[in-house]
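Visitor: what's the 3D shape of this:
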Amino acid sequence: MLPADEFSAFPASPTFSVGDKALDGYSKKKYVCKLLFIFLLGHDIDFGHMEAVNLLSSNRYTEKQIGYLFISVLVNSNSELIRLINNAIKNDLASRNPTFMGLALHCIANVGSREMAEAFAGEIPKILVAGDTMDSVKQSAALCLLRLYRTSPDLVPMGDWTSRVVHLLNDQHLGVVTAATSLITTLAQKNPEEFKTSVSLAVSRLSRIVTSASTDLQDYTYYFVPAPWLSVKLLRLLQCYPPPDPAVRGRLTECLETILNKAQEPPKSKKVQHSNAKNAVLFEAISLIIHHDSEPNLLVRACNQLGQFLQHRETNLRYLALESMCTLASSEFSHEAVKTHIETVTNALKTERDVSVRQRAVDLLYAMCDRSNAQQIVAEMLSYLETADYSIREEIVLKVAILAEKYAVDYTWYVDTILNLIRIAGDYVSEEVWYRVIQIVINRDDVQGYAAKTVFEALQAPACHENLVKVGGYILGEFGNLIAGDPRSSPLIQFNLLHSKFHLCSVPTRALLLSTYIKFVNLFPEVKTTIQDVLRSDSQLKNADVELQQRAVEYLRLSTVASTDILATVLEEMPPFPERESSILAKLKKKKGPSTVTDLEEAKRERSADINGGPEPAPASASATSTPSPSADLLGLGAAPPAPVGPPPSSGGLLVDVFSDSPSAVAPLAPGSEDNFARFVCKNNGVLFENQLLQIGLKSEFRQNLGRMFIFYGNKTSTQFLSFTPTLICSDDLRANLSLQTKPVDPTVDGGAQVQQVVNIECVSDFTEAPVLNIQFRYGGTFQNVSVKLPITLNKFFQPTEMASQDFFQRWKQLSNPQQEVQNIFKAKHPMDTEITKAKIIGFGSALLEEVDPNPANFVGAGIIHTKTTQIGCLLRLEPNLQAQMYRLTLRTSKETVSQRLCELLSEQF
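Guide: Alright, predicted model coming up:
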């Protein structure tokens, strides 16, 4: 063999030759093998490709095998030889020689390019379902088609073969069934209706496997477990669908009971492979039981089985058991059964060496918590927090804060818990947590005196965390008068206690304390002189920080020139905060990423949870302060606007991506985009799009004509996304009526990571279209182009309006012109459930007016569409006909286009 540095001496000849003698097939194969070896050593190979293509035409297996191997490794999709390669593959596929067909299918799957998919995606399904195809070729064809569908799903046509491929689940050869199950599962995730007949066949095949003895399936029995891989794949396929019909469900229940029973049997082998295979099937069966959530007995049995794993010597089993029980805890049927394991879980929290298992134990305690055990669980989590791993402390703090608020019967316990939380892990207590405790104290008169007394006592400790100083400053500034009658907490003592912490705090906390001091001037006139001396000192009036200097100057002037009445008005007690979603819960959801739980499961959890409602908190600040509070400008639109995102039209009228160097055209809308878009009409949060590579989640909030949308891009693979470029595309008409502003995201998204993009929205005038979100990136060298409709619809700018019956019908009559009313009579697409209908109308944005319509079965709503240019009043009336399974929807607004658009959007929801 020649030395590596002499390879460049070879001419770039299209053929190998020795003198004037052409090489025979064996020699070609030998030299192509050497080229492969050279390539594996790290050298570039720029010759010999044609010889490898020539080997494909050989009738010898070894020569053809080496040719395909070389092509799979070294030929890229842009090669000039790709047409010759495709012709050779077509010849082998048409040869009906199972060995050659297998080699060709393996090559297609290994290359997996769009060119391969375009050439063979229509041919491979025919081979798969042909009656005379060998079993080994069927296996290869199924897996090859799966590979092409994963890389180019738009090029794999759905047709007659889809109904025939389902029947491969009945094939006698279990290898074919295993490959077909993998294919059907992936296809069913995108096209569930096409493959719903696979459910009964999968249950039938699963029943035959779990009831067979290990000797019946000798070729597919792995350490006394019959066909474990196929069993797992069948169970995963069944998780793509809801519970089947009663007849099939009974057989499936028997299968699941048999799997649970076998888990209780003594092991037939002491080898780890046996237990791994057995437990793999068991955990997948439990996942299916949890997915269906319809059989109480199975759910309880699954919970008891998982409970046995909580003390297993295998760390992986303990982890999986805790993870599965977290999901079981959300089921109304198994929640009580999960709670019986609370002692075991708390013990795992204390003794487990693996931090990931401890984190799952925390998650399970959080999931199983209710009013009956809230104080015990919160106490255990607080105890663990003192020694918890730093990587999970912030999450534990959030969960403790949520549970303490959610299940607080006595709010004095809640105040004690949060202050204890700040003492133990103050560095991990985010602003949302201490905002929340302040908000609850302000909204509940019965706890204000206790809170003032408690924070006063806590501040007397020699070392206090800064977050405790913030809470103490805010609460004493508002309610210090409630404890001022006690000589031990007189106004001067309160002031001196707070001021003793002043020099140790950061600038934002000092600013808050200055606001507290001016509040004291109003609450306690006897300390006015002392406070003025502090404000007058050089350290305040000449402070290097402009915010502190401005506050000191303004507060000093206010305390000097304002009368008592003016001070009392300007510095009056903070009013109660409006009720809205807990910001702590929102932060925890953000930390965990967008949820993939279905809407029905979320609604079920919300109905079953016993939650203390609470309003949104805000930090303390006096009315006179010049700095807006963190709760001000809720949508963050007061800042200087960034460059608009919408791509401007070019001179040729084409839409151009202003953030991308790629000239690629915008892809058509992804399959299912319209359905996902419709689901977001009545909700603001959830998963907008998901495929094998990318998940796109949304969280949005709207107020009047302004909105903010958080878009989360999740990389589901272990490989980086490069040149990642999301672009919002709007037509000229839409751009005139809807202003969208955002910034580009990081062009590199690491494997398993998630990046966030914020879109600021302003509704200028009413609109009918929706912007398109186009994402382009490179994955593993392949260009990816995805487009989805972004759910920004006119109803998002609805503000609900409460109206009495008389006012409603008076306004209804005023909007009686034909162009102001739009009516639609349509067939119900979903079950006509009253509660779901109410939830959708409220989610649509209007107020749901009770006892307004003379017919109690009808639904009536009212609201105002806010745009920058005008406000449009809207009244709606939905009349269900249960017997005919139909609805009549009537909308009246002062603008015809608005009535038409709102009617279209709402009609699609029922």
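Visitor: hey, where'd the helices end up in the stretch 251-400 of the chain?
Guide: 272-292, 296-309, 315-328, 335-339, 342-351, 355-368, 374-385, 393-406 (DSSP state H, counting those that start in this stretch).
Visitor: CSV for those helices, including mean pLDDT and mean neighbour count?
Guide: (Glycine included, C-beta is placed from N, CA and C.) Shown next, in CSV, are the helices of the stretch 251-400 of the chain (pLDDT from 0 to 100; neighbours: other CB atoms under 10 Å):
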stretch, mean pLDDT, mean neighbour count
helix 272-292, 90, 20
helix 296-309, 89, 20
helix 315-328, 90, 21
helix 335-339, 88, 19
helix 342-351, 88, 17
helix 355-368, 90, 22
helix 374-385, 91, 19
helix 393-406, 89, 23
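Visitor: how about TSV for these, with distance to residue 436 added?
Guide: As requested, these are exported to TSV (distance: least, CB to CB, whole Å):
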stretch	distance to residue 436
helix 272-292	32
helix 296-309	33
helix 315-328	24
helix 335-339	26
helix 342-351	24
helix 355-368	17
helix 374-385	15
helix 393-406	7
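Visitor: which stretch among those comes nearest residue 245?
Guide: helix 272-292 (12.8 Å; CB to CB).
Visitor: not counting sequence-adjacent ones, nearest residue to residue 828?
Guide: Take residue 828 and drop its neighbours on the chain: the residue closest to it by CB to CB, 6 or more residues apart in numbering is residue 885, 4.8 Å away.
Visitor: so what's the one you found up against?
Guide: Residue 885 makes contact with 827, 828, 832, according to CB atoms under 8 Å, 6 or more residues apart in numbering.
Visitor: quick one: which of the residues you listed is nearest residue 349?
Guide: Distances from residue 349 to those, taken by CB to CB, are shortest for residue 832, at 46.4 Å.
Visitor: and residue 473, which of the helices of the stretch 251-400 of the chain is closest to it?
Guide: helix 393-406 (19.5 Å).
Visitor: report the distance from the closest one to the chain centre.
Guide: Remark: helix 393-406 is offset 20 Å from the chain centroid, using CA atoms, centre = their mean, to the nearest Å.
Visitor: name the helices or strands packed onto that helix?
Guide: helix 355-368, helix 374-385, helix 411-425, helix 431-443, helix 583-592 (3 or more CB pairs under 8 Å, 6 or more residues apart in numbering; DSSP states H and E).
Visitor: what inclination does that helix have with respect to helix 411-425?
Guide: 170 degrees (axes from the mean of the first three to the mean of the last three CA atoms, to 10 degrees).
Visitor: which of the helices and strands packed on helix 393-406 sits closest to residue 25?
Guide: Per CB to CB, nearest to residue 25 of the helices and strands packed on helix 393-406: helix 355-368, 55.1 Å.
Visitor: helices and strands around that closest one, which ones?
Guide: Helix 355-368 packs on helix 315-328, helix 335-339, helix 342-351, helix 374-385, helix 393-406, going by 3+ CB pairs under 8 Å, 6+ apart.
Visitor: check whether residue 64 really touches residue 100, as I assumed.
Guide: Yes - taking CB atoms under 8 Å as the definition, residue 64 is a contact partner of residue 100 at 6.5 Å.
Visitor: identify the contacts common to these two.
Guide: residue 92.
Visitor: tell me the bridge partners for the nearest residue to residue 899 once chain neighbours are set aside.
Guide: Distances taken as CB to CB, 6+ apart put residue 822 closest to residue 899, at 4.1 Å, once the chain neighbours are dropped. On the basis of DSSP bridges, residue 822 is bridged to residue 891.
Visitor: what's the answer for residue 763, then?
Guide: What pairs with residue 763, by the bridge criterion (DSSP bridges), is residue 738.
Visitor: start at 47, not 1
Guide: Yes, from this point I'll number from 47; that puts the last item at residue 809.
Visitor: which ones are touching it?
Guide: 751, 752, 753, 783, 784, 785, 840, 842, 843, 912, 913, 914.
Visitor: run a quick neighbour tally on the fifth one.
Guide: When you say that, I think you mean residue 784. As a burial measure, residue 784 scores 24 neighbours (other CB atoms under 10 Å).
Visitor: likewise residue 141?
Guide: Neighbour tally, residue 141, other CB under 10 Å: 13.
Visitor: surely residue 889 meets residue 732?
Guide: No - applying CB under 8 Å as the test, residue 889 and residue 732 come out as separate, 11.6 Å apart.
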